[in-house]
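[1] Predicted structure and sequence below. I'll ask about it afterward.
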Amino acid sequence: MASERLSGRRAEVRPRSWGSAPGAIIGASAGLVLRHARDADADAIIGMISAVWSEYPGKRLVAAADMPELLRPASAYAACGGVFWVVEAAGKIIGTIALAPSAEPGVVELQKLYVAREMRRNGLGGFLCYLVEREARERGAQAIELWSDVKLRDAHHRYERLGYQRGEALKTYNDTSGTVRYYYRKRLDPEWPERFDGDGTAHTLPKPLDRWQALLQPGAAAGAENGGIAP
């Protein structure tokens, strides 16, 4: 839903050094797992994104031409100093999002926000955007930018609710679908809006995203009856 291709020279924004190994689990609850992507996830990620694109007339994903980074997602984002996260339900990938340094100093780019149809309208998309914002702040970024397909109106509403402002720029991509995207940008308030544990890890999500809190607890495996997340 954001920029769909890694390209161009990326500016230096400090990456985190902990918890970013391919496949590393960040948290789990009620059958859902939040973790870092692996290269072996390529087929599952491409399949889920293809399903999302197929909901829109004229949208078709040919990963090798349109998003070659999806063929090796962990390696591609590690190479540019970025991060790629996935959410699984019962072993099936049902959500993705990624962060990459922008060409502009002090800015990161939100990329690859996709949520499977059956998991929408429950806050998962907003939670994934929150992951990017948290990572951006920890890297010392001052702003987040993204490019969103003009057809994805639900995504535009989400970004605008989260404080992103749409610019006047349009970008046309030479991809299989002839995609046209809007530009969005959010300036980050220098005041961190959360509380932290002693190691600097955020442990309180803003409402109404607090239902996803368990996915930020390393090793958590509580069921829905213990405050977990029901799909």
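    Thanks, I have the structure now.
[2] which strands and helices sit next to the longest helix seen in the chain?
    As assigned by DSSP state H, the longest helix anywhere in the chain is helix 124-138. Other helices and strands packing on helix 124-138, by 3 or more CB pairs under 8 Å, 6 or more residues apart in numbering; DSSP states H and E, are strand 83-89, strand 92-101, strand 107-115, strand 143-149, helix 153-161. Placement of C-beta: from N, CA and C, glycine included.
[3] right, so those: which one is the most enclosed?
    Greatest average neighbour count among these goes to strand 107-115 (a mean of 25), per mean count of other CB atoms under 10 Å.
[4] contact partners of it?
    Residues outside strand 107-115 that contact it (CB atoms under 8 Å, 6 or more residues apart in numbering) are 1-4, 6, 11, 13, 48-49, 52, 82, 84, 94-102, 124-125, 128-129, 132, 135-136, 139, 141-146, 155.
[5] could I have that strand exported to CSV, CA atoms only?
    Below are the C-alpha coordinates for strand 107-115, written out as CSV (Å, rounded to 0.1, in the frame of the first residue of the first chain):
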residue,chain,number,x,y,z
VAL,A,107,13.2,10.4,7.0
VAL,A,108,12.1,6.7,6.7
GLU,A,109,9.6,5.3,4.3
LEU,A,110,6.7,3.1,5.2
GLN,A,111,6.3,0.2,2.7
LYS,A,112,4.5,-3.0,2.1
LEU,A,113,1.4,-2.4,4.4
TYR,A,114,-1.0,-5.2,3.5
VAL,A,115,-3.6,-7.0,5.6
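[6] That strand to strand 143-149, inter-axis angle?
    Per axes from the mean of the first three to the mean of the last three CA atoms, to 10 degrees, the angle that strand 107-115 makes with strand 143-149 is 40 degrees.
[7] check contacts around residue 168.
    The neighbours of residue 168, taking CB under 8 Å, 6+ apart as the test, are residue 183.
[8] Quick check on it: phi, psi?
    phi -90, psi -10 (degrees, to the nearest 10).
[9] Equivalent analysis for the one 5 residues further on, please.
    Comment: the main-chain dihedrals of residue 173 come out as phi -100, psi 140, following degrees, to the nearest 10.
[10] correct me, but it touches residue 149?
    No: counting by CB atoms under 8 Å, residue 173 does not reach residue 149; the two are 9.2 Å apart.
[11] Enumerate every residue touching residue 90.
    Counting by CB under 8 Å, 6+ apart, residue 90 touches residue 31.
[12] quick one, phi/psi of it?
    The phi and psi values for residue 90, taken as degrees, to the nearest 10, are phi 50, psi 40.
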